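**Q** curious how this folds, go ahead:
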Amino acid sequence: MPRWRELKGFCEKDGWELYKDTDHYLYRKTDEGGKIRMTKISKGSGEIHSKMWKEILKKQLQVTQEYFNSKI
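**A** Coordinates of the predicted model:
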């Protein structure tokens with residue numbers, strides 16, 4: 001499973017906008033159809049648990065594992 005810093009790196013390389021920096025990083029990206037996707041990234045250094053990671057990929061990032069891996 002990826003670490004939180006790898007998720008942050010993905011967002012930066014994939015054109016996501018950092019719109020809020022509090023106790024977490026909050027990123028958003030508007031797709032070509034105008035839909036806004038958002039994700040919240042922990043400032044911790046640990047690994048993302050597998051169940052949570054699957055939810056992040058599916059519901060927040062809306063990309064495949066392969067696409068994610070190609071950007072990190």
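**Q** hey, what's residue 40 bridged with?
**A** When bridges are called by DSSP bridges, residue 40 pairs up with residue 26.
**Q** what are the buried residues along the helix ranked longest in the chain?
**A** Of all the segments of type helix in the chain, defined by DSSP state H, the longest one is helix 4-13. Neighbour-count burial for helix 4-13 flags 4, 6-8, 10-11 (criterion: 16 or more other CB atoms under 10 Å). Every C-beta, even on glycine, is put in place using the N, C-alpha and C of the backbone.
**Q** low-confidence bits of the chain, can you list those?
**A** Nowhere does the chain drop to pLDDT under 70.
**Q** one more time with 90
**A** Counting by pLDDT under 90, the chain contains low-confidence ranges at 1, 32, 45, 72.
**Q** all helices for it, in order.
**A** In the chain, the helices defined using DSSP H lie at 4-13, 50-55, 65-71.
**Q** of those, which is nearest residue 39?
**A** helix 4-13 (6.8 Å; CB to CB).
**Q** hmm, who's touching that closest one?
**A** By CB atoms under 8 Å, 6 or more residues apart in numbering, the residues outside helix 4-13 that reach it are 2, 18, 25, 27, 29, 39, 41-46, 48, 56, 61, 68, 71-72.
**Q** got it, and stretch 16-29?
**A** 8, 11-12, 14-15, 36-43.
**Q** from residue 12, how far off is the residue lying farthest from the centre of the chain?
**A** No residue in the chain sits farther from the centre than residue 33, which is 19.3 Å out by CA atoms, centre = their mean. Residue 33 sits 23 Å away from residue 12 when distances are taken as CB to CB, to the nearest Å.
**Q** related to what we said a few turns ago, gap between the longest helix of the chain and the chain center?
**A** Distance of helix 4-13 from its chain centroid, counting by CA atoms, centre = their mean, to the nearest Å, is 6 Å.
**Q** cool, stretch 48-59 as well?
**A** Once both centres are worked out by CA atoms, centre = their mean, stretch 48-59 turns out to sit 10 Å from its chain's centre.
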